[in-house]
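Q: structure, please.
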Amino acid sequence: MVKHLHIIGICGTAMAGIAALARDGGWRVTGSDAGVYPPMSDFLAERSIPVAEGFRAGNLDPAPDLVVVGNAISRGNPELEALLDLGIPYISGPEWLHAHVLQGRHPVVVTGTHGKTTTTSLLARVWEEAGWKPGFLIGGIPLDFGVSARMPEGPWVMVEGDEYDTAFYDKRPKFLHYRPRTLILHNLEYDHADIYPDLEAIRVQFRILLRTVPGSGLVLANGDDPEIETLLAHAHSRVVRYGLNAGHPFSARIDQEDGRLWTLLRDGRPFFSVSWNATGHHNVMNGLAVAAAALSHGMDPLRVRDGLAGFRGVARRLQLRFEIQGVAVYDDFAHHPTAIETTLKGIRASVGDARVWVILEPRSNTMRRRVHQERLAPALAAADRVILARPAARGLPPDELLDVEAVAERINRERPLPGHDHRALVVEGAAETVAHLQTRVRPGDRVVVMSNGGFDGIHERLRVMLTLQSG
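A: All right, here's what the predicted structure looks like:
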């Protein structure tokens, strides 16, 4: 008899991936969520996984055999309250993944504040190129596969190791459930201000994670990051370092400033060169981590090189959505000043003197707060024009909410434009943003939308505006 799995909060990227894995594993899968929008809504529809709009007790009738509760679901949610009252068995997404996919296999887990999604996608691409048929669960959609999750055909499973908490009843990081045999420690900065009071609280969780790697396992560590270097004292397995700085077993020489051409150095000697479409030194680091992992596991170097070179990218990671009338519009999943800065440096190196607009919606729980207030203006320095959307309070008191006016004022003061124009301004939402751009954007401009949400359909609004102008 086919078992029925229901997922509350199914449209989160990880939860949608688990839905796909469960369906491939023979479960009948249903789900519910609020605020359903692409790409996850399309992803689920293509797999004939029904999604109920909104949370209600009726979504649990008839009662499923098991319910996965997404980590965004809190007490007071009517569907969760009904679940608890009815006594239906429930589990978190990471627990389900470990029990039904990872156990008995070789999880390769990618952790860090930045680059997890791209690096995990690259791992899957390189392993696939080598014919090693990996499974994966990724917090985005790699364009090489068109899906965020896939069941493995062999032992290898690539997992994005999120440090965010697991579920309403389990406040440990998700990655503690994954039991990696190969662990990538990519970088570490303060993030997730809604659940971690300071950086030390995050360090503690990474130390615990290192204890879960078996002695026969492998840790790939960014040797350029002092925070990662400090963590390595807690490793009980073999450690291999990588980084842009010379002296690591795996390092890189940047052969083209925009990062589209680089050479892998093994023990300081050129090993192979990679020509690819990814931009920015941060993506070279992502590729370097993957090369270090693959070669440390004995993969054919030519397969590693070809896998990297063929990488098509990840949806919403500086993804070119369209180009109309010479105006290119990109989508980027911005969530932290460091990610914003490295992404913009990459596109600047790629487009040269072309004018770059940044539309930033501070939407994540950290970005809406003032914890990175002083870092945001410098992070936007590579942009020619900046449009900042006023963040939604969602319960935050005014003195904790990001002061976007202060950010814009600092940009305008430190990098003034001639005349009466301003480099940065604050808007209330997508409609005001498009209205501002309508009379100012011009052929050759690059428009980068940075948001970890849908931002009220701004890409389609921009498409319509530019199409009408071209007609």
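Q: burial of residue 299, as a residue count?
A: 19 (other CB atoms under 10 Å). From N, CA and C alone the C-beta is placed, and that goes for glycine too.
Q: my read: it touches residue 130, true?
A: Yes - the criterion here is CB atoms under 8 Å, and residue 299 meets it with residue 130 at 5.2 Å.
Q: could you work out the end-to-end span of stretch 262-276 for me?
A: End-to-end distance for stretch 262-276, by CA to CA, to the nearest Å: 9 Å.
Q: swap in stretch 159-176?
A: 12 Å.
Q: show me which positions of that stretch end up buried.
A: 159-168, 170, 173-176 (16 or more other CB atoms under 10 Å).
Q: which of the residues you listed sits closest to residue 75?
A: Using CB to CB, residue 168 comes nearest to residue 75 of the buried residues of stretch 159-176, at 5.9 Å.
Q: show me what contacts that closest one?
A: Residue 168 sits next to 69, 71, 73-75, 80 when contact means CB atoms under 8 Å, 6 or more residues apart in numbering.
Q: reduced to three states, what does residue 410 come out as?
A: helix (DSSP: H, G, I helix; E, B strand; the rest coil).
Q: and it, how many neighbours does it have?
A: Neighbour count of residue 410, defined by other CB under 10 Å: 18.
Q: find the nearest non-adjacent residue to it, please.
A: residue 377 (4.4 Å; CB to CB, 6 or more residues apart in numbering).
Q: and that neighbour, how far from residue 118?
A: As judged by CB to CB, to the nearest Å, residue 377 and residue 118 stand 25 Å apart.
Q: over to residue 211?
A: Counting by CB to CB - residue 211 and residue 118 are separated by 27 Å.
Q: likewise residue 333?
A: Taken as CB to CB, the span from residue 333 to residue 118 is 10 Å.
Q: so what sits against both of these two?
A: Common neighbours of residue 333 and residue 118, using CB under 8 Å, 6+ apart, are residue 317.
Q: more neighbours: which of residue 211 and residue 118?
A: Between residue 211 and residue 118, counted using other CB under 10 Å, residue 118 has the larger neighbour count: 28 against 10.
Q: surely the more buried one meets residue 317?
A: Yes - contact status for residue 118 versus residue 317: in contact at 5.7 Å, counting by CB under 8 Å.
Q: the lowest-mean-pLDDT helix or strand in the chain: which residues count as buried?
A: Ranked by mean pLDDT, DSSP states H and E, the helix or strand of the chain with the weakest confidence is helix 40-46, at a mean of 85. Neighbour counts over helix 40-46 (16+ other CB under 10 Å) mark 40-41, 43-44 as buried.
Q: looking at these, spot the one nearest residue 191.
A: Among the buried residues of helix 40-46, residue 40 lies closest to residue 191 (CB to CB), at 22.1 Å.
Q: distance of the spatially closest residue to residue 60 that is not a sequence neighbour from residue 252?
A: Take residue 60 and drop its neighbours on the chain: the residue closest to it by CB to CB, 6+ apart is residue 82, 5.7 Å away. Here residue 82 is placed at a distance of 53 Å from residue 252 (CB to CB).
Q: those two: who's more crowded?
A: Taking neighbours as other CB under 10 Å, residue 82 and residue 252 compare with residue 252 leading, 24 against 18.
Q: quickly find the element holding that one.
A: Element membership for residue 252 (DSSP states H and E) is strand 250-254.
Q: who are the packing partners of that strand?
A: Helices and strands touching strand 250-254, by 3 or more CB pairs under 8 Å, 6 or more residues apart in numbering; DSSP states H and E, are strand 238-243, strand 261-266, helix 281-296.
Q: got the angle for that strand vs strand 238-243?
A: If you take axes from the mean of the first three to the mean of the last three CA atoms, to 10 degrees, strand 250-254 sits at 10 degrees to strand 238-243.
Q: quick one: strand 250-254 to strand 261-266, angle?
A: 150 degrees.
Q: so which bits of strand 250-254 are buried?
A: For strand 250-254, using 16+ other CB under 10 Å, the buried residues are 250-252.
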